[in-house]
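*Asks:* All I have is the shape, not the residue letters:
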Ligand SMILES: Nc1ncnc2c1ncn2[C@@H]1O[C@H](COP(=O)(O)OP(=O)(O)OP(=O)(O)O)[C@@H](O)[C@H]1O
């Protein structure tokens, strides 16, 4: 089942063609990490999904319903957390959520019950504190409470962790992960380790199209690069190691990566033999795993 489907979507601002025929499919129930360089068009794509901007070409459907600019049909099933949520700072979180709920047609007593439930979900106290005194992390959590108020099937978050410190990020990711199974989540980010931590699906936007999309584990398998990684005490020793190895190797500061075809053990044995013969001793030897960052670099450069 697919909750979100973009087909051949194009979008231009002036003479800049941002989206050039974007196809994107998000399976129901996925946590989808949407990544791309600055200016790749992630926010633009999210605004198009929300019907907040006009499509130049192509089509978007959310839960089987076509999205049209300015029409909120699809928005009844979508919750949105913008990159910089705007609040009325003089309100308390309960007052703010009450306003949001009323604007979307929620009524008492469902609204009050839902607000209590959502504040508990995002771990915010139901008290008289005004939003202007909230930390960035608390504001992001309030943003999620607002986005979830209307029981969306699809939650869209635009760079939700970029302004948070490591603890705030970790808590926020746990909150998103705790929603798994209740809804589908599409979130954009530059922090690839965040995607690796909670996403099962990933899409990499580059040059106006999705260069790669799919299950993260399958992608890592597909892009797996077989390399032995060696660590040395200094860059000078690493450089010396490359010189005595007699095989292709890439040095990055104190590390040297040696590609191999099939046999990890045989490669390590041959490399160590050459190094020890020259009295060059590595501090560590490891098999390099493919990270999302490796895949990102490969498809965007
Ligand atoms: N309303 C607009 N008018 C003109 N240009 C725009 C508009 N909105 C976006 N752009 C341009 O479209 C391109 C894509 O912007 P967008 O914000 O979608 O990228 P992004 O991938 O979200 O970037 P970032 O990661 O930096 O937030 C950028 O070059 C941006 O300057």
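*Replies:* Good, I have the coordinates. Bear in mind that the values here come from a model prediction, so they are computed numbers and not experimental data. Numbers count the residues shown, from 1 in each chain.
*Asks:* host element of residue 176?
*Replies:* helix 166-178 (DSSP states H and E).
*Asks:* quick check: mean pLDDT across stretch 143-163?
*Replies:* Stretch 143-163 shows a mean pLDDT of 91.
*Asks:* next one: that stretch to chain centre, how far?
*Replies:* 13 Å (CA atoms, centre = their mean, to the nearest Å).
*Asks:* Helices of the chain, residue ranges please.
*Replies:* Taking DSSP state H as the test, the helices found in the chain are 42-49, 93-103, 110-121, 136-148, 166-178, 192-198, 216-222, 235-245, 264-277, 292-300.
*Asks:* For the closest residue to residue 233 other than its chain neighbours, give me its contacts.
*Replies:* Of all residues not flanking residue 233 in the chain, residue 283 sits nearest, at 5.9 Å (CB to CB, 6 or more residues apart in numbering). C-beta: built from backbone N, CA, C; applies to glycine. Counting by CB atoms under 8 Å, 6 or more residues apart in numbering, residue 283 touches 231-233.
*Asks:* Is there a neighbour count for the spatially closest residue to residue 5 that is not a sequence neighbour? I'd like the number.
*Replies:* Closest residue to residue 5 apart from its sequence neighbours, by CB to CB, 6+ apart: residue 61 at 4.9 Å. By the criterion of other CB atoms under 10 Å, residue 61 has 16 neighbours.
*Asks:* what's the spacing between residue 61 and residue 26?
*Replies:* 11 Å (CB to CB, to the nearest Å).
*Asks:* any common contacting residues for those two?
*Replies:* 4-5.
*Asks:* and the gap between the residue nearest to residue 145 when sequence neighbours are not counted and residue 186?
*Replies:* Distances taken as CB to CB, 6+ apart put residue 118 closest to residue 145, at 4.1 Å, once the chain neighbours are dropped. Taking CB to CB as the measure, residue 118 falls 20 Å from residue 186.
*Asks:* For those two, indicate the residue with more neighbours.
*Replies:* Higher neighbour count among residue 118 and residue 186: residue 186, with 27 against 22, using other CB under 10 Å.
*Asks:* residues contacting the more buried one?
*Replies:* Residue 186 neighbours (CB under 8 Å, 6+ apart): 4, 26, 32, 34, 46, 49, 154-157.
*Asks:* Per-residue pLDDT of it, please?
*Replies:* Taking residue 186 on its own, its pLDDT is 97.
*Asks:* hey, where'd the strands end up in the stretch 1-150 of the chain?
*Replies:* Taking DSSP state E, counting those that start in this stretch, the strands of the stretch 1-150 of the chain run over residues 2-13, 16-27, 31-36, 57-62, 65-66, 78-81.
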